[in-house]
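**Student:** pasted the sequence and its predicted model underneath.
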Amino acid sequence: LISATGFQPASRDGVRLEVGQQVRLDFELRPGTMQETVEVHADVAELNRDQAEIGTALEQHLVTDLPLELSGALAGQALRRQIDDFTLLVPGATGSGFSHRFNGGVDMSNEVFYNGVPFVFSEAQGWQQNSNPPYDSVNEFKVVTSVFTAQYGHGQGVVNYNFTSGTNELHGNLHEFVRNDVFDARSFFSPDKSLNRQNEYGFTVGGPVVFPKLYNGKNRTFFDGSFSGFNYRGAPLTGLNTVPTMAMRTGDFSGLVDSGGSVIPIYDPTTHTPFAANQIPAARLSPVAVGVASLIPQPTYPGLVNNIGNGVATLPVDDYTWSFRVDHNFSERQQISYTMWRDRDNKTNLQGSNLAGPLGGYALANERELGGVLNYTYTIRPNLVMTAGVSFNGSLGPTQVVGADTSVDIPGVPKGAPFPGYSFSGPVAAPVQLG
């Protein structure tokens, strides 16, 4: 509502202010009395005459209603719903959950804002999936792809997220997303269905801060909290691997033949002549090689190649994330807001071969992430507003290989370190990497 002495007041509704947007409203005051009011019902024009930036804002109903895939940035790794998944719906945005590219820019180069405050990542700039807050804690975001204003300049794309704030009314929701292999059919070439069980669940709650008989925060202090839990059991691990036959482990390679049935000779590295009967004498076998061979799982299928299934049936993921936001109005001119989130992510992955036992690459990655944003706003006068903000984050996530065998440690390498990797090549399909 705009008013001035000797003019009719004018008001305008239907104005939508999106995150990271500046809107200019022009009013025309006509001569008249205060009893007369001019009301305008119209949407703001899409053309922005004050900023030349090119960006896309996704409305709240799109963020909450469109389906999202429960998956991760890396093959075989499942993750909860991520707030940056929708950036790939914006024109000019490409990439994956691991990295975003805008208008042909390079990887790991986009800038991220939370509540208008720049957020710097501890590992790689723009890689959000390692430290994202709960999905339902964000109600709106905007992606700027080119022609950036002066406030930006740290990257080749800008994503600005706005956290949900509380209101005078208590509100909340509950949710759960389920995927289970009992609803699936097996793939065409697989005799069995792979294990795939995903459950994402959580809640949000927000409203005024009220302590009965102590404090009533209506119209003054508000909160909003969110929790998300994600549990995954399974992995796309239905392939076959290759390990040496039992005869080969004793030096007998007489059964090593090509597709035509001809024996593939094994040469003596000292004389460069084939071993007799394609068998390596027991005295020539290295004790280290014999020890390593004893750790390799035995074949479970006949043949030289594809003779063993995967040793890791599931790569569990347990991810629990929470956040809260508190807003306080000191007066009509001063407001402060604080948002914080924490992620406890227990993941497993393969650091090497997909075999059972000490030579397998089954590893644990227990990650802990923490983030926070503090905002302060002071309206000095109607046409002058001061804002200040600060953000912080931290991350800790060591990867530990499970079941490392210390009996074959190499001198000089710390005890219990992952077994060194071995690769094989030759005319026959090579075994998987060991270690």
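**Tutor:** On my side now, so go ahead. It should be emphasised that the depicted structure is a prediction, and the values quoted were computed from it without experimental measurement.

**Student:** how many residues are close by T204?
**Tutor:** When neighbours are counted by other Cβ atoms under 10 Å, T204 registers 21. (C-beta placed from N, C-alpha, C; glycine too.)

**Student:** my guess is G371 is in a strand, correct?
**Tutor:** Yes. Secondary structure assignment places G371 in a strand (DSSP: H, G, I helix; E, B strand; the rest coil).

**Student:** any idea how far it lies from N383?
**Tutor:** For G371, the distance to N383 under the criterion Cβ to Cβ, to the nearest Å works out to 34 Å.

**Student:** S131 too?
**Tutor:** The span separating S131 from N383 equals 37 Å under the rule Cβ to Cβ.

**Student:** and the helix or strand containing S11, what does it pack against?
**Tutor:** S11 belongs to strand 10-13 when elements are defined using DSSP states H and E. Here strand 10-13 is seen to pack against strand 38-41 when contacts are counted using 3 or more Cβ pairs under 8 Å, 6 or more residues apart in numbering; DSSP states H and E.

**Student:** backbone dihedrals for the spatially most central residue of the chain, please?
**Tutor:** The centre of the chain sits closest to Q129, judged by Cα atoms, centre = their mean, with a distance of 2.3 Å. When quoted as degrees, to the nearest 10, the phi and psi of Q129 stand at phi -60, psi -10.

**Student:** just to revisit the earlier point, quick one: which of S131 and N383 has more around it?
**Tutor:** Set side by side, S131 and N383 show unequal neighbour counts under other Cβ under 10 Å, the larger going to S131 at 23 against 6.

**Student:** so that one sits against D345, correct?
**Tutor:** No. With contacts defined as Cβ atoms under 8 Å, S131 does not count as touching D345, sitting 9.6 Å away.

**Student:** who touches both of those two?
**Tutor:** Common neighbours of S131 and D345, counting by Cβ atoms under 8 Å, 6 or more residues apart in numbering, are E369.

**Student:** thinking again about what came up before, quick one: the residue nearest to the centre of the chain from P118, how far?
**Tutor:** Taking Cβ to Cβ as the measure, Q129 falls 19 Å from P118.

**Student:** beta partners for F230?
**Tutor:** F230 has these beta-bridge partners by DSSP bridges: E200, D319.

**Student:** burial check on it, number of neighbours?
**Tutor:** Burial measure for F230: 21 neighbouring residues, criterion other Cβ under 10 Å.

**Student:** what's the answer for the one 3 residues further on, then?
**Tutor:** Neighbour count of R233, defined by other Cβ under 10 Å: 18.

**Student:** residues contacting it?
**Tutor:** Taking Cβ under 8 Å, 6+ apart, we find R233 in contact with L195, N196, R197, T314, P316.

**Student:** is it in a helix, a strand, or coil?
**Tutor:** Taking three-state DSSP as the rule, one finds R233 in the strand state.

**Student:** in this structure V117 contacts Y376, no?
**Tutor:** No. Because the distance of 10.5 Å does not satisfy Cβ under 8 Å, V117 is recorded as not touching Y376.

**Student:** settle it for me: which of those two has more neighbours?
**Tutor:** Comparing V117 with Y376 by other Cβ under 10 Å, the one with more neighbours is V117, at 18 against 15.

**Student:** what's across from Y114 in the sheet?
**Tutor:** Taking DSSP bridges, one obtains V117, Y161 as the residues bridged to Y114.

**Student:** got the contact list for it?
**Tutor:** Counting by Cβ under 8 Å, 6+ apart, Y114 touches Y161, F163, T339, G371, V373, S391.

**Student:** just the buried subset of those residues, please.
**Tutor:** Buried residues within the contacts of Y114, defined by neighbour count using 16 or more other Cβ atoms under 10 Å: Y161, F163, T339, G371, V373, S391.

**Student:** in TSV, list the residues you listed along with pLDDT and distance to S137.
**Tutor:** Rendered in TSV, the data for the buried ones among the contacts of Y114 read as follows (pLDDT from 0 to 100; distance: Cβ to Cβ, whole Å):
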residue	pLDDT	distance to S137
Y161	89	9
F163	92	6
T339	96	8
G371	92	11
V373	95	11
S391	93	15
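
**Student:** dump those residues into a markdown table; add distance to A363 as well.
**Tutor:** Formatted as a markdown table, the buried ones among the contacts of Y114 follow (distance: Cβ to Cβ, whole Å):
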| residue | distance to A363 |
| --- | --- |
| Y161 | 31 |
| F163 | 34 |
| T339 | 33 |
| G371 | 25 |
| V373 | 33 |
| S391 | 31 |
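
**Student:** of the contacts of R233, which pair is most distant in space?
**Tutor:** N196 and P316 (12.2 Å; Cβ to Cβ).

**Student:** so these two - more neighbours on which side?
**Tutor:** N196 (18 against 15).

**Student:** which ones are touching the spatially closest residue to that one that is not a sequence neighbour?
**Tutor:** Leaving aside its chain neighbours, N196 sits nearest to G234 (4.1 Å; criterion: Cβ to Cβ, 6 or more residues apart in numbering). Residues touching G234, when contacts are defined by Cβ under 8 Å, 6+ apart, comprise A78, D181, S194, L195, N196, R197, Q198, T314, L315.
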